[in-house]
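S.K.: Predicted model follows, preceded by the sequence.
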Amino acid sequence: MKTYQLFINGQYVDPANGEWFDSIDPYRGQPWAKVPRGSAADADKAVKAANEAMWRGPWSKMTASARGKMMRKLGDLVAANAERLAEIEVRDNGKLMAEMLGQLRYHPEWWWYFGGLVDKLEGGLVPIDKADTFAYTTHEPVGVVAALTAWNSPLLFVAWKCAAALAAGCAVVVKPSEFTSASTLEFAALTKEAGIPDGIFNVVTGFGPEIGSELISHPGVGKITFTGSDTTGAKVYETAARSLKRVSLELGGKSPNIVFEDADLSAAAAGTISGIFAATGQTCIAGSRLLVQNSIKNEFVERLLNLARSAKIGDPMQSDTNIGPITTPAQYKKVLDYIDVAKSEGARCLLGGRPASGDGITGGQFVEPTIFTDVDNNMRIAREEVFGPVLSVIGFDTEEDAVRIANDTIYGLAAGIWTRDLARAVRVPKLLRAGTVWVNTYRAISYMMPFGGMKHSGVGRESGIDAVHEYLETKSVWISTAQDVPANPFVMR
Ligand code: NAD
């Protein structure tokens, strides 16, 4: 078993309390690594190192172009290490190697894109309405960033948050999920190899209520960027408000995938399957509510059943596996509990609905791909995030119905629409309260495209040029060139 250390001020160090905990391989159900159980003392040390490095260290004195080059080099290093890092993520979260390798091969794009943006963050000269005055604005880093991440895609979230934060000139302290800390700790060494100065990128690990909460209430933190559940997100928001910290929240969803009768049904069926069963449903953008027009409902559900039945469940490292384990025992129990809730509410289980067993299934926790029909949007199975391979099928008659049901949720992360009607493809996205709408595709992301949620799905956006402004403050500078003293110093100029 590998024993990890925290990464603070450019060094791997033991946690202050000398405690570690096991990280479990969800496929085998066995411990495979030891992760430091960080505490308040470690959070404090990391935040102090980050402040020192950011405000007084070489990072603050470097040109924007030099910082950008280091970030692009970091992208190159991730590209060279993609396979190794992906394997570590699979050991920790049990998601498919095909998915994690795809993510790791794509990850460098964030460092290349935001690295290229660093020296283009220009301020502005304001043609000010006061005589004898020179006025301009600059963008300055918001302060040390605490980045808290979820367990499903650890290094993708590091890229989304930290590439934009470092482009803004901030230093970061990352607190990965206690279930999947190893890849972020391994990644830290690459920041050093890329030449990023000590203290600019730090990683502390441990449990949310022990070290995460210390980090978000620390007076040395200027901004919190969080990916996780809406319940924890609300707690983070509340704590941050006490010290008026800036906050971005990437939270959960109950995203509708809407299939109209005029859609290409093969493409829509593949998109629906990918929306709910990719990543074993453990994704914030899971299309967990299928809204399908009643005129094609039976035929469409039949297609889904055929595709879902062909899914191979088993070892996430194997290239022909489609569905891997559920990452944590608590999440496994939650998924099975929701299946019971759905049955008790009167939803009809067409497929799955049980723990999976058979060839290739080991000590880990597996759930069969599950499809419920006769779901009413008021049922808990349609309202609450399951975060597992469970699809709720809801019929609708008209476009108006579909939009109403789609929006009838506290969440607003994503939505999918399947139609061949061009006018509808333009009309419906405008009506949906979701941060991302995919038309005739699903689960596409890009470093260029803003991503984030409305309503309970979050606050702020990641990726795309504007994401860097989540980590910047605007400063206004006024310079008087007047030769005279103002006539009346007791009034506003
Ligand atoms: P979680 O809320 O349990 O934990 C997220 C992070 O917060 C972890 O690092 C955890 O240690 C930390 N944390 C927990 N309690 C804390 C506290 N009291 N103070 C400070 N930090 C604390 O979420 P999870 O189970 O790791 O992830 C699953 C959730 O994340 C799902 O709801 C999913 O939809 C959401 N998610 C959202 C996005 C997005 O981009 N919108 C992406 C992936 C996952």
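M.R.: Alright, I've got the coordinates. What you are looking at is a predicted structure, and each value in this text was computed from that prediction instead of being measured. Residues are numbered from 1 along each chain as shown.

S.K.: From here on, just use CA atoms for contacts and neighbour counts.
M.R.: OK.

S.K.: How about Thr3, nearest residue that isn't a chain neighbour?
M.R.: In space, not counting the residues next to it along the chain, Thr3 is nearest to Lys34; the distance is 4.6 Å by CA to CA, 6 or more residues apart in numbering.

S.K.: and that neighbour, what pLDDT?
M.R.: pLDDT recorded at Lys34 is 98.

S.K.: Who are the contact partners of it?
M.R.: Counting by CA atoms under 8 Å, 6 or more residues apart in numbering, Lys34 makes contact with Met1, Lys2, Thr3, Tyr4, Trp20, Phe21, Asp22, Ser23.

S.K.: What's the separation between the first one and Val35?
M.R.: When you say that, I think you mean Met1. 10 Å (CA to CA, to the nearest Å).

S.K.: Show me which residues of the stretch 201-350 of the chain sit near the ligand.
M.R.: By the rule CA under 6 Å from any ligand atom, the part of the stretch 201-350 of the chain lying against the ligand is 207-209, 212-213, 227-229, 232, 236, 250-253, 283-284.

S.K.: are any of these buried, and which?
M.R.: 207-208, 212-213, 227-229, 236, 250-253, 283-284 (16 or more other CA atoms under 10 Å).

S.K.: Can you list the strands that the host helix or strand of the residue nearest to Thr3 pairs with?
M.R.: Assigned by DSSP states H and E, Lys34 belongs to strand 30-36. Take DSSP bridges as the rule and strand 30-36 pairs in its sheet with strand 2-3 (parallel), strand 20-25 (antiparallel).

S.K.: if we look at the first one, which residues are touching it?
M.R.: Residues outside strand 2-3 that contact it (CA under 8 Å, 6+ apart): Trp32, Ala33, Lys34, Val35.

S.K.: and the nearest residue to His139 once chain neighbours are set aside, helix, strand or coil?
M.R.: Excluding its sequence neighbours, the residue lying closest to His139 (CA to CA, 6+ apart) is Thr474, at 4.7 Å. Of the three states, Thr474 takes strand under DSSP: H, G, I helix; E, B strand; the rest coil.

S.K.: now do Asp42
M.R.: Assigned by three-state DSSP, the conformation of Asp42 is helix.

S.K.: Am I right that it is in contact with Ala16?
M.R.: Yes. The criterion here is CA atoms under 8 Å, and Asp42 meets it with Ala16 at 6.2 Å.

S.K.: who has more neighbours, those two?
M.R.: Of the pair Asp42 and Ala16, Asp42 is the one with more neighbours under other CA atoms under 10 Å, namely 25 against 16.

S.K.: Could you pull up the contacting residues of the more buried one?
M.R.: For Asp42, the contacting residues are Pro15, Ala16, Val204, by CA under 8 Å, 6+ apart.

S.K.: Quick check: closest non-adjacent residue to Pro36.
M.R.: Trp20 (4.3 Å).

S.K.: And for the one you found, the neighbour number?
M.R.: Using other CA under 10 Å, Trp20 has 19 other residues around it.

S.K.: Kindly indicate the member of the contacts of strand 2-3 with the most neighbours.
M.R.: Busiest of the contacts of strand 2-3 [other CA under 10 Å] is Val35, holding 27 neighbours.

S.K.: which stretches of the stretch 251-400 of the chain form strands?
M.R.: 256-259, 289-293, 348-351, 370-373, 390-396 (DSSP state E, counting those that start in this stretch).

S.K.: Please work out which of those is packed deepest.
M.R.: Neighbour counts (mean count of other CA atoms under 10 Å) averaged over each of those peak at strand 256-259, with a mean of 31.

S.K.: other SSEs contacting that one?
M.R.: Contacts defined by 3 or more CA pairs under 8 Å, 6 or more residues apart in numbering; DSSP states H and E place strand 256-259 against helix 265-277, strand 289-293, strand 414-418.

S.K.: Tyr27 is nearest to which of these?
M.R.: Of all these, helix 265-277 sits nearest to Tyr27, with 16.9 Å by CA to CA.

S.K.: counting contacts, what elements does that closest one pack onto?
M.R.: Using 3+ CA pairs under 8 Å, 6+ apart, helix 265-277 is in contact with strand 256-259, helix 297-309, strand 390-396.

S.K.: okay, the ones you listed in TSV with mean pLDDT next?
M.R.: Listed next are these as TSV, based on pLDDT from 0 to 100:
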stretch	mean pLDDT
strand 256-259	98
helix 297-309	98
strand 390-396	98
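
S.K.: and these as JSON lines, adding distance to His139?
M.R.: Listed next are those as JSON lines, based on distance: least, CA to CA, whole Å:
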{"stretch": "strand 256-259", "distance to His139": "38"}
{"stretch": "helix 297-309", "distance to His139": "50"}
{"stretch": "strand 390-396", "distance to His139": "45"}
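
S.K.: Nearest to Trp478, out of these?
M.R.: That would be strand 256-259 among the helices and strands packed on helix 265-277, by CA to CA, at 49.7 Å.

S.K.: Direction included, what does that closest one pair against?
M.R.: Strand 256-259 is paired, per DSSP bridges, with strand 289-293 (parallel), strand 414-418 (parallel).

S.K.: Let me see the residues that make contact with the first one.
M.R.: In this structure, residues lying in contact with strand 289-293 by CA under 8 Å, 6+ apart are 254-261, 272, 382, 391-398, 402, 406.

S.K.: The same query, at a cut-off of 7 Å, please.
M.R.: 254-261, 382, 391-397, 402 (CA atoms under 7 Å, 6 or more residues apart in numbering).

S.K.: The closest residue to Ala342 other than its chain neighbours: neighbouring residues, count only.
M.R.: Distance criterion CA to CA, 6+ apart; nearest residue to Ala342, sequence neighbours excluded, is Ile381 at 5.6 Å. As a burial measure, Ile381 scores 26 neighbours (other CA under 10 Å).

S.K.: phi, psi of the residue of the stretch 1-150 of the chain found nearest the ligand?
M.R.: In the stretch 1-150 of the chain, the residue found nearest to the ligand is Ala150; the distance is 3.5 Å by CA to the nearest ligand atom. Dihedral pair for Ala150: phi -90, psi 170, per degrees, to the nearest 10.

S.K.: so it makes contact with Asp230?
M.R.: No. Assessed by CA atoms under 7 Å, Ala150 is found out of contact with Asp230, at 11.7 Å.

S.K.: returning to that earlier point: now tabulate the strands paired with strand 256-259 in a markdown table and tack on mean pLDDT and distance to Pro325.
M.R.: Compiled in a markdown table, those are given as follows (pLDDT from 0 to 100; distance: least, CA to CA, whole Å):
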| stretch | mean pLDDT | distance to Pro325 |
| --- | --- | --- |
| strand 289-293 | 98 | 21 |
| strand 414-418 | 98 | 24 |
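
S.K.: Now distance to Ala171 too, for those, in TSV please.
M.R.: As requested, the strands paired with strand 256-259 are exported to TSV (distance: least, CA to CA, whole Å):
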stretch	distance to Ala171
strand 289-293	39
strand 414-418	30
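
S.K.: what stretches of the stretch 101-250 of the chain score poorly on pLDDT?
M.R.: Of all residues in the stretch 101-250 of the chain, none has pLDDT under 70.

S.K.: which residues in it form helices?
M.R.: Taking DSSP state H, counting those that start in this stretch, the helices of the stretch 101-250 of the chain run over residues 108-117, 154-167, 182-193, 213-217, 230-242.

S.K.: most tightly surrounded among the helices and strands packed on strand 256-259?
M.R.: Ranked by mean neighbour count, those are led by strand 414-418 with a mean of 28 (mean count of other CA under 10 Å).

S.K.: angle of it against helix 265-277?
M.R.: 160 degrees (axes from the mean of the first three to the mean of the last three CA atoms, to 10 degrees).
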